[in-house]
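K.L.:
Give the three-dimensional model of this entry:
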Amino acid sequence: THDRYFLDNVAGWILELDRGHGIPYQGNYSSWLEQKEGRLKLEEKEESARQRTLQRELEWIRQSPRARQAKSKARIDAYDQLVNESREKAPDSGQIVIPPGPRLGDMVIEALGLAKGYEDRLLIDDLSFKIPAGALVGVIGANGAGKTTLFRMITGQDGPDRGELRIGETVALGYVDQSRDDLDPSKTVWEVISDGQAEIDLGKRKIQSRAYVGAFNFRGSDQQKPVNQLSGGERNRVHLARIVKSRANVLLLDEPTNDLDVDTLRALEDALLEFPGCAIVISHDRWFLDRIATHILAFEGDSHVEWFEGNYQAYEEDRHRRLGTDADQPHRLKYKPLSR
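P.N.:
Numbers count the residues shown, from 1 in each chain. Have a look, this model is predicted:
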């Protein structure tokens with residue numbers, strides 16, 4: 001499994017497959033990260049970019065939950081600094097870089113009394129929220145709850161039944177959806193991602209397209225693989241590579257972490273944390289959401305969607321305060337009937 005939250009809470013041993021060798025570690029995922037860092041130092045590996053991504057995740061693990069939550073709030077407060085820093089940083093080898101889009105204004109996305117039904121079910125009832133510049137919003141809930149429907153309303157593919165959804169004038173949307181069915185099957189991975197160009201424009205700097213494609217774990221002959229031969233996880237990485245270079249300032253990512261290996265997941269997390277814009281991410285990956293999210297939109301059932309300021313762990317603590325022991329009980333998802 002690539003589910004780090006699951007591994008951290010359940011695993012007693014980790015078996016890492018690295019360059020043809022199986023390396024056992026006693027402990028959970030956090031313990032594996034600590035031991036792996038020590039092993040790389042002992043081997044005197046000069047994989048500086050890889051070590052930096054490990055180090056950033058270790059720093060996050062070592063922080064207290066309160067410090068993690070304070071850091072996510074500080075991201076919103078430091079939006080201007082984030083924009084300026086993004087224009088100066090040069091990408092490391094293997095690092096995912098999301099180039100800055102147009103500068104966001106005060107108005108990004110706002111919902112006012114939003115309601116939306118499907119067939120005889122009311123998916124969303126009286127939802128209001130306002131997304132600030134710099135926010136990284138995690139969208140959670142059971143399959144079929146209405147998460148993708150919300151994305152369709154944001155992109156204008158569908159409209160609300162009641163209420164209002166406002167999109168700021170400075171917003172440039174980039175959307176990665178679950179279907180991922182719009183790739184040209186006759187082209188190679190490199191051709192689809194690079195559009196056949198030798199360099200890719202990342203704002204005020206350019207990067208060799210082969211290196212950019214390699215950051216999404218397509219290396220060597222894999223870059224020449226025809227798109228029609230790709231697995232689901234590989235297609236996912238191709239779509240991510242295409243969308244993050246689109247110069248959007250608000251990314252809509254629908255299950256972007258599905259089928260990604262841990263190294264690519266970590267690189268995507270770091271890229272989003274350094275992205276000078278907003279991202280709204282549908283995901284079941286609790287570790288991913290705990291590390292990046294500044295806000296949570298939770299489809300909790302009975303047509304209610306909870307808007308919460310904080311990361312996934314803070315949301316879970318709040319949910320337990322609101323619902324008590326009922327929060328830990330599995331429930332079949334229910335909806336209010338749709339009145340016409």
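
K.L.:
quick one, what contacts L127?
P.N.:
111, 113-115, 163, 305, 307 (C-beta atoms under 8 Å, 6 or more residues apart in numbering). Placement of C-beta: from N, CA and C, glycine included.

K.L.:
Which of the residues you listed are buried? Put it as a ChimeraX command.
P.N.:
Selection command for ChimeraX covering only the buried members of the contacts of L127, criterion 16 or more other C-beta atoms under 10 Å:
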select :111,114,115,163,305
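
K.L.:
Give me the most central residue, the protein.
P.N.:
Nearest to the mean C-alpha position of the chain, by C-alpha atoms, centre = their mean, lies V281 at 5.1 Å.

K.L.:
re earlier: which of the contacts of L127 fall in helices?
P.N.:
Using DSSP state H, no member of the contacts of L127 sits in helices.

K.L.:
Save the contacts of L127 as JSON lines, and put in distance to S209 and pLDDT too.
P.N.:
Compiled in JSON lines, the contacts of L127 are given as follows (distance: C-beta to C-beta, whole Å; pLDDT from 0 to 100):
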{"residue": "A111", "distance to S209": "38", "pLDDT": "96"}
{"residue": "G113", "distance to S209": "46", "pLDDT": "96"}
{"residue": "L114", "distance to S209": "41", "pLDDT": "95"}
{"residue": "A115", "distance to S209": "45", "pLDDT": "94"}
{"residue": "G163", "distance to S209": "43", "pLDDT": "96"}
{"residue": "V305", "distance to S209": "40", "pLDDT": "93"}
{"residue": "W307", "distance to S209": "40", "pLDDT": "96"}
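
K.L.:
farthest pair in the contacts of L127?
P.N.:
Comparing all pairs in the contacts of L127 by C-beta to C-beta, the longest separation belongs to A115 and W307, at 14.7 Å.

K.L.:
which among the contacts of L127 gets closest to E274?
P.N.:
Of the contacts of L127, the one sitting nearest to E274 (C-beta to C-beta) turns out to be W307, at 24.9 Å.

K.L.:
Check the contact between that closest one and S128; I expect there is one.
P.N.:
Yes. Assessed by C-beta atoms under 8 Å, W307 is found in contact with S128 at 7.3 Å.

K.L.:
the bottom helix or strand of this protein by mean pLDDT?
P.N.:
helix 79-86 (a mean of 62; mean pLDDT, DSSP states H and E).

K.L.:
surely the residue nearest to the centre of the chain meets L136?
P.N.:
Yes. Using C-beta under 8 Å, V281 is in contact with L136, at 7.1 Å.
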